[in-house]
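1. Sharing a sequence plus its predicted fold:
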Amino acid sequence: MDYLEDAVEKAQQEAGMKIEPRMEHEWLRQLVGIWAIESECTMQSDNVPKKLKGIESVISIGNFWIQGEGHGEMPGCDAMADMVITLGYDPGKQCFVGTWIGSMMPHLWIYQGSLDTDKNILTLHSEGPSCHDVNKLAKFTDIIEIKSSNHRTLTSLMQGENGAWHTLITTSYQRIEQPCLIAI
């Protein structure tokens, strides 16, 4: 344990509020590492799937949060995008919470979600600009599925005005580097 963790633990004990990570916090730790990304995107109006590549680095922030920083190709142009995701679990709300931002838009995505009963799939719900009319908000669902310790997928869905859900992006993550813990 480093100096900062010791100080936080001591302060929590003195305040009588020692907070222990839960199973949900531990579940998030399996996302820590460096991941190669391959996506297939059907967000464009022609619905022709676009193949995109990128990389994501996910770190732990203490025992309760993870933060992922991604960099990858954008559909429909030669530009690259940067993205940041945070995920944690709020015991008071009894759900996963988080945020997502991307360099391609000014919208802050707010997540709430839960694990399936087998604890392999995390489903996150949010609202954001509709792909059909950026002046309207639509409902979105991101589904993170753990396939193995070194492979996971993300499926992003948007609910259309008719209530039907449409897959926008499917992404495969292959771990290329395990997390490294450094003791000081």
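-> Alright, I've got the coordinates. Since this is a predicted model, take the numbers as computed values, not measurements.
2. Just say helix, strand or coil for the closest residue to residue 21 other than its chain neighbours.
-> Counting by Cβ to Cβ, 6 or more residues apart in numbering, residue 21 lies nearest to residue 63, which is 4.2 Å off, once chain neighbours are set aside. Backbone N, C-alpha and C define where each C-beta goes, glycine included. Three-state call for residue 63 (DSSP: H, G, I helix; E, B strand; the rest coil): coil.
3. pLDDT value on residue 63, please?
-> Model confidence at residue 63, given as pLDDT, is 94.
4. That one and residue 140: what is the separation?
-> Computed with Cβ to Cβ, to the nearest Å, the distance linking residue 63 and residue 140 is 28 Å.
5. Tell me who's in contact with the most centrally placed residue in the chain.
-> In the chain, the residue lying closest to the centroid (Cα atoms, centre = their mean) is residue 85, at 5.0 Å. By Cβ atoms under 8 Å, 6 or more residues apart in numbering, the residues touching residue 85 are 67, 68, 70, 98, 99, 100.
6. Could you list the low-confidence segments of this protein?
-> Across the chain, the ranges flagged by pLDDT under 70 are 1-17, 43-47, 179-184.
7. try it again with 90
-> Along the chain, the parts satisfying pLDDT under 90 run over 1-19, 42-50, 74-79, 131-135, 161, 177-184.
8. ok so, going back, just want to know which of residue 63 and residue 140 has more residues nearby.
-> residue 140 (22 against 16; other Cβ atoms under 10 Å).
9. give me phi/psi at the residue nearest to the centre of the chain?
-> With angles defined as degrees, to the nearest 10, residue 85 sits at phi -120, psi 140.
10. shift numbering so it begins at 231
-> Got it, the first residue is 231 from now on, which makes the last one we talked about residue 315.
11. Could you give the bridge partners of it?
-> Judged by DSSP bridges, the bridge partners of residue 315 are residue 298, residue 330.
12. one step back: quick check: the residue nearest to residue 251 vs residue 255, distance?
-> Taking Cβ to Cβ, one finds residue 293 at 6 Å from residue 255.
13. same deal with residue 327?
-> 12 Å.
14. Mutual contacts of those two, please.
-> The contact lists of residue 327 and residue 255 share 318, 319, where a contact means Cβ under 8 Å, 6+ apart.
15. ok, these two, which is more surrounded?
-> residue 255 (21 against 16).
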